[in-house]
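Asks: Here is my input; please provide its structure:
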Amino acid sequence: MNCKICSALFQEFLEKSLCEELISEVDSHLKKCGQCRSSMHTYSLTIVLSSRADPPCCVPAEKMDELKKILMERFCTKKTA
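Replies: I've put the predicted structure just below:
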């Protein structure tokens with residue numbers, strides 16, 4: 001897990017919508033990386049504040065769905081030996 005991938009998974013991590021393997025990977029990375037912990041905190045606050053905005057700001061749903069699919073395929077498949 002690197003910072004770029006970790007930050008791409010913040011929303012799903014907070015929603016607990018990732019597979020167990022990815023939750024563990026993100027959690028482990030956050031424990032080791034102060035920069036990502038700070039970014040996660042900022043991201044969490046941004047969600048709260050942006051929910052009060054009208055209209056809410058967000059990435060187009062199609063792009064998020066595409067990214068989620070790629071990440072789930074890459075990280076949540078069973079590894080065979």
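
Asks: any low-confidence regions in this protein?
Replies: 53-58, 77-81 (pLDDT under 70).

Asks: go with 90
Replies: Applying pLDDT under 90 to the chain flags residues 43-81.

Asks: For it, which helix extends over the most residues?
Replies: Ranked by number of residues, the top helix in the chain under DSSP state H is helix 34-50.

Asks: next structured bit after it?
Replies: From helix 34-50 onward toward the C-terminus, using DSSP states H and E, the following helix or strand is helix 61-75.

Asks: and that following helix, how far out from the chain's middle?
Replies: How far helix 61-75 lies from its chain's middle: 11 Å, per C-alpha atoms, centre = their mean, to the nearest Å.

Asks: Okay, buried residues for it please.
Replies: Neighbour counts over helix 61-75 (16 or more other C-beta atoms under 10 Å) mark 68, 71, 75 as buried. To be clear about C-beta, it is placed using only N, CA and C from the backbone, and glycine gets the same treatment.

Asks: before we move on, what about stretch 11-26?
Replies: Applying 16+ other C-beta under 10 Å to stretch 11-26 flags 11-13, 18, 22, 25-26 as buried.

Asks: tell me how far it is from the chain's mean position?
Replies: 7 Å.

Asks: for stretch 15-34, same thing?
Replies: So, by C-alpha atoms, centre = their mean, the centroid of stretch 15-34 is 8 Å from its chain's centroid.

Asks: Also stretch 60-67?
Replies: Computed by C-alpha atoms, centre = their mean, the separation of stretch 60-67 from the middle of its chain amounts to 13 Å.

Asks: Output stretch 28-38 as PDB, restricted to C-alpha atoms.
Replies: Taking Å, rounded to 0.1, in the frame of the first residue of the first chain, the C-alpha atoms of stretch 28-38 are listed here in PDB:
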ATOM      1  CA  SER A  28      -2.000  -0.700   8.500                       C
ATOM      2  CA  HIS A  29      -0.800   2.100   6.200                       C
ATOM      3  CA  LEU A  30      -2.500   4.800   8.300                       C
ATOM      4  CA  LYS A  31      -0.900   3.400  11.500                       C
ATOM      5  CA  LYS A  32       2.600   3.900   9.800                       C
ATOM      6  CA  CYS A  33       2.100   7.000   7.800                       C
ATOM      7  CA  GLY A  34       1.500  10.300   9.600                       C
ATOM      8  CA  GLN A  35       0.900  12.200   6.400                       C
ATOM      9  CA  CYS A  36      -1.900   9.800   5.400                       C
ATOM     10  CA  ARG A  37      -3.400  10.000   8.900                       C
ATOM     11  CA  SER A  38      -3.400  13.800   8.600                       C
END
